[in-house]
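> 3D model of this:
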Amino acid sequence: MLIALNLRLSISSASALLDALQTDLGFGAAAAAALPALPTLSFAAAGFFTGRITRRLGAERTVLLALAALTAGLTLRGIPATWALLGGTVLGMSGLALCNVLLPTLLRAHFPARITLLTGVYTTVMALGSTLGAAVAIPLAAWAGSPSLGLAVWAMPALLATLMWALVRAPEARPASSSDANGTYISPWTMARTRLGALVTTYFALQALNCYAIIGWLPTMLSDQGMSGGRAGGILAVSQAVGIPATFLVLAFARAPDRLRHAFMAISAAMLAGFTGLLIAPVDLPVMWALLVGLGLCSFPLVLAVIGNSGSSPAETTALSSLSQSLGYLVAALGPFAIGLLRSASGGWTLPMAALLVTAAAQLVIGMALSTQRR
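Got it, this is the predicted structure:
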């Protein structure tokens, strides 16, 4: 749960402080567009090698290494320089990538009878961390005296998770969770040649693209419409907070195989409605749009539950998780970056939001196909 708490804290807090960081550090539009894209790029690059690292070190030791990298990266971001901000983000997000891939594997290895329940718990904690980061980032930076120091504060919960994991991890469980009971390794490309692998990866890419585009740019979009920075960060926090109760409701509803299709339809429809509201009247009913978008973001725990329940062994689960998250985040990295470029090119938010409506519609179509795929 401590690991899950840290998985979104550093992302949503940086999003809320993007304008303040640009003003304080003086970086240009290219760096401003790249910063929200760096987490997904790092997830793609580091996540693809998770299986091989895990095969050598074991899942528990790999997670310990990942948490140490996260702590170091967040600490580095406290230096008030653009290179430190970008370098610390890459290092810290690479650590997050390993944790992202391995949490479904750890659940599959240690709690095979409670995968859906614990997926709901840890994704809810992730949403709580994302909400906390978005809500308190600006006042915390003001208290610390600079946006860079405000970001560095988030190294403290990462350090706590590192120390706790070092104390409680079970060495005797390592062989079973590193890949399979006999230490076998399955390449992610093996899963890529299956229909399940293709559908899961495509869906994961679309939901991650939509998610990180909103997390990366929603406060800036609302600020451009005249909303104060503090209130814009609060609206982002609302979109993250709604996932806390909604995750359990969606996963509980989707536990029955015949309901999975309806769950995919409901969350996709909510995302489409929220994006439509942000396109037509972004500051008229911002809380309503944030609630709908937040419900749509439940596509993340839903696809994680599908991954955790798929495959015939932890090795296959790791391979599917590595494939979907690495390629998925690589595609998703285009989201924040493309939204930033479209905003700069068009001078407004109509074109970026129209593009997100297209990706949300595609997510609905792929979700329908995935809901009928045997796992």
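> what's the average pLDDT for the helix or strand hosting residue 247?
Here residue 247 sits within helix 243-254, counting by DSSP states H and E. The predicted model gives helix 243-254 an average pLDDT of 81.
> hmm, who's touching that helix?
When contacts are defined by Cβ atoms under 8 Å, 6 or more residues apart in numbering, helix 243-254 is touched by residues 116-117, 119-120, 123-124, 127-128, 131, 259-260, 262-263, 266-267, 294-295, 297-298, 301-302, 305. To be clear about C-beta, it is placed using only N, CA and C from the backbone, and glycine gets the same treatment.
> Would you mind getting the angle between the host helix or strand of residue 368 and helix 243-254?
For residue 368, the element it lies in under DSSP H and E is helix 350-371. Angle between the axes of helix 350-371 and helix 243-254 is 30 degrees (criterion: axes from the mean of the first three to the mean of the last three Cα atoms, to 10 degrees).
> Which residues does helix 350-371 contact?
Outside helix 350-371, the residues touching it (Cβ under 8 Å, 6+ apart) are 199-200, 202-203, 206-207, 209-210, 213-214, 217, 221, 260-261, 263-265, 267-269, 271-272, 275-276, 278-279, 296, 299, 303, 306, 335, 338-339, 342-343, 345-346.
> from these, which ones fall inside helices?
The members of the contacts of helix 350-371 that map onto helices under DSSP state H are 199-200, 202-203, 206-207, 209-210, 213-214, 217, 221, 260-261, 263-265, 267-269, 271-272, 275-276, 278-279, 296, 299, 303, 306, 335, 338-339, 342-343, 345-346.
> Between the two ends of stretch 301-317, how far is it?
Chord length of stretch 301-317, first to last residue, is 15 Å (Cα to Cα, to the nearest Å).
> on that earlier part again, now do the helix holding residue 247: distance to the chain's middle.
Relative to its parent chain, helix 243-254 has a centroid offset of 17 Å by Cα atoms, centre = their mean, to the nearest Å.
> could we number from 5 for the rest of this?
Sure, I'll start counting at 5 from here, so that last one is helix 247-258.
> Buried residues, it. List them.
Across helix 247-258, burial judged by 16 or more other Cβ atoms under 10 Å covers 247, 248, 250, 251, 252, 254, 255, 258.
> Distance check, the third one against residue 8.
Residue 250 is 16 Å from residue 8, where distance means Cβ to Cβ, to the nearest Å.
> what do you get for the second one?
From residue 248 over to residue 8 the distance is 12 Å, taken as Cβ to Cβ.
> In CSV, list the C-alpha atoms belonging to the helix holding residue 251.
The C-alpha trace of helix 247-258 is given here as CSV (Å, rounded to 0.1, in the frame of the first residue of the first chain):
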residue,chain,number,x,y,z
GLY,A,247,-11.7,7.2,-8.3
ILE,A,248,-11.4,6.3,-4.6
PRO,A,249,-15.0,5.0,-4.1
ALA,A,250,-15.6,4.4,-7.8
THR,A,251,-12.8,1.9,-8.2
PHE,A,252,-14.3,-0.6,-5.7
LEU,A,253,-17.8,-0.2,-7.2
VAL,A,254,-16.5,-0.8,-10.8
LEU,A,255,-14.4,-3.8,-9.8
ALA,A,256,-17.1,-5.3,-7.7
PHE,A,257,-19.6,-4.9,-10.5
ALA,A,258,-17.1,-6.3,-13.1
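> Helix 264-284 and that helix, what's the angle between them?
Here helix 247-258 runs at an angle of 150 degrees relative to helix 264-284 (the same axes, to 10 degrees).
> what's the closest non-adjacent residue to residue 350?
Counting by Cβ to Cβ, 6 or more residues apart in numbering, residue 356 is the residue found nearest to residue 350 once chain neighbours are left out, at 7.4 Å.
> how many neighbours does that neighbour have?
Residue 356 has 24 neighbouring residues, counting by other Cβ atoms under 10 Å.
> Next one: residue 369 from residue 206, what distance?
Counting by Cβ to Cβ, the gap from residue 369 to residue 206 is 10 Å.
> Tell me which of those two has more neighbours.
Just comparing residue 369 and residue 206: by other Cβ under 10 Å the higher neighbour count belongs to residue 206, 21 against 13.
> Tell me who's in contact with the more buried one.
Applying Cβ under 8 Å, 6+ apart, we find residue 206 in contact with residue 370.
> try residue 160
By Cβ under 8 Å, 6+ apart, residue 160 has no neighbours at all.
> how far is the host helix or strand of it from where the chain is centred?
Assigned by DSSP H and E, residue 160 falls within helix 159-172. Helix 159-172 sits 20 Å away from the centroid of its parent chain (Cα atoms, centre = their mean).
> Please save the CA atoms from that helix in CSV.
Only the C-alpha atoms of helix 159-172 are listed here, as CSV (Å, rounded to 0.1, in the frame of the first residue of the first chain):
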residue,chain,number,x,y,z
ALA,A,159,10.9,12.0,-1.6
MET,A,160,10.0,11.5,2.1
PRO,A,161,7.0,9.1,1.5
ALA,A,162,9.1,7.3,-1.1
LEU,A,163,11.9,6.9,1.4
LEU,A,164,9.4,5.5,4.0
ALA,A,165,8.2,3.0,1.4
THR,A,166,11.8,2.0,0.6
LEU,A,167,12.7,1.4,4.3
MET,A,168,9.4,-0.5,5.0
TRP,A,169,9.8,-2.7,2.0
ALA,A,170,13.4,-3.5,2.9
LEU,A,171,12.2,-4.6,6.3
VAL,A,172,9.1,-6.7,5.4
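> average pLDDT for that helix?
91.
> In it, which residues are buried?
Quick answer for helix 159-172 (16+ other Cβ under 10 Å): 159, 161, 162, 163, 165, 166, 169.
> Same list, those, but as a markdown table with distance to residue 315 please.
What follows is those, written out as a markdown table (distance: Cβ to Cβ, whole Å):
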| residue | distance to residue 315 |
| --- | --- |
| 159 | 35 |
| 161 | 32 |
| 162 | 30 |
| 163 | 33 |
| 165 | 27 |
| 166 | 29 |
| 169 | 25 |
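> Brilliant, that's me finished.
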